[in-house]
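S.K.: Pasting a predicted model and its sequence here:
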Amino acid sequence: MHLFDTTTLLAYLAAALVLVLLPGPGTAWILAQSFAGGTKRGIQAGLGLETATLLYALAAGLGLSALLATSAMAFEFVKYLGAAYLVWLGIKAWRSGDAGTAPTDADAPKPRASGRSVYLRSVVTGVLNPKVALFFLAFLPQFVHPERGWVWLQFFVLGALLAVIGFCNDLFLSFAAGRFGRRLAGGAGRWTQRATGTLFIGLGLRLAMQQRG
């Protein structure tokens, strides 16, 4: 039995591409990491974000998305947790800009530890990304057809496709921002950190005020 028909799959891929290309916390995170640490750090961040996407796919397949969709308390908890995390990232970026250094400059002598830290923080950022959460809660279930069987596998396959598309975009952003970031030093680097911090704080405040649809 086929899990998806061609029309459904093409429609989903188009929707996933639009989601990926729309700027959001994930885009800001990739750019911030690439500006601060170059292409390699941007790729590490992208791997973390897409790991979070796969975790969402697993959670959706296990029914956790249905819980968040039906429970107002659970939804509000996730929303405010994500908003608080975005604001915290923004404040941290501002402090790094004031200091004139990237947040992980102290980790430079230990590239492996730094890479692991970037990856883990990116997983958290992806899990708390409201754009991805809302996609799995409200949009992706429309492409899952229980009559075709293996519902959990349908969720995971669709999530994996989203992760692949997202990582391709992450690679593009990492290479572009990584190259451009090398030209940013001193005051320009500080202003980049501050701009990124302002963006994260703005996204967090907007999410906190967002009403459930």
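M.R.: Cool, got the structure.
S.K.: From W88, how far out is L54?
M.R.: 24 Å (Cβ to Cβ, to the nearest Å). For glycine as for every other residue, the C-beta is placed from the backbone atoms N, C-alpha and C.
S.K.: the more surrounded of those two?
M.R.: Each of L54 and W88 has its neighbours counted (other Cβ atoms under 10 Å); L54 has more, 16 against 13.
S.K.: so where do the helices sit in this structure?
M.R.: 6-21, 25-61, 64-70, 72-99, 111-127, 130-134, 151-181, 187-209 (DSSP state H).
S.K.: Nearest approach to L140 belongs to which of these?
M.R.: helix 151-181 (5.7 Å; Cβ to Cβ).
S.K.: as a whole number, average confidence for that closest one?
M.R.: Along helix 151-181, the predicted confidence averages to a pLDDT of 89.
S.K.: Buried ones in that helix, by neighbour count?
M.R.: For helix 151-181, burial by neighbour count (16 or more other Cβ atoms under 10 Å) applies to 151, 154-159, 161-163, 165-167, 169-170, 173-174, 177-178, 181.
S.K.: So which elements touch that helix?
M.R.: Counting contacts by 3 or more Cβ pairs under 8 Å, 6 or more residues apart in numbering; DSSP states H and E, helix 151-181 packs against helix 6-21, helix 25-61.
S.K.: Show me which positions of the last one end up buried.
M.R.: Spelled out, that is helix 25-61. Buried residues in helix 25-61, counted by 16+ other Cβ under 10 Å: 25-54, 56-57, 59-61.
S.K.: nearest to Q142, of the helices of the chain?
M.R.: helix 6-21 (8.7 Å).
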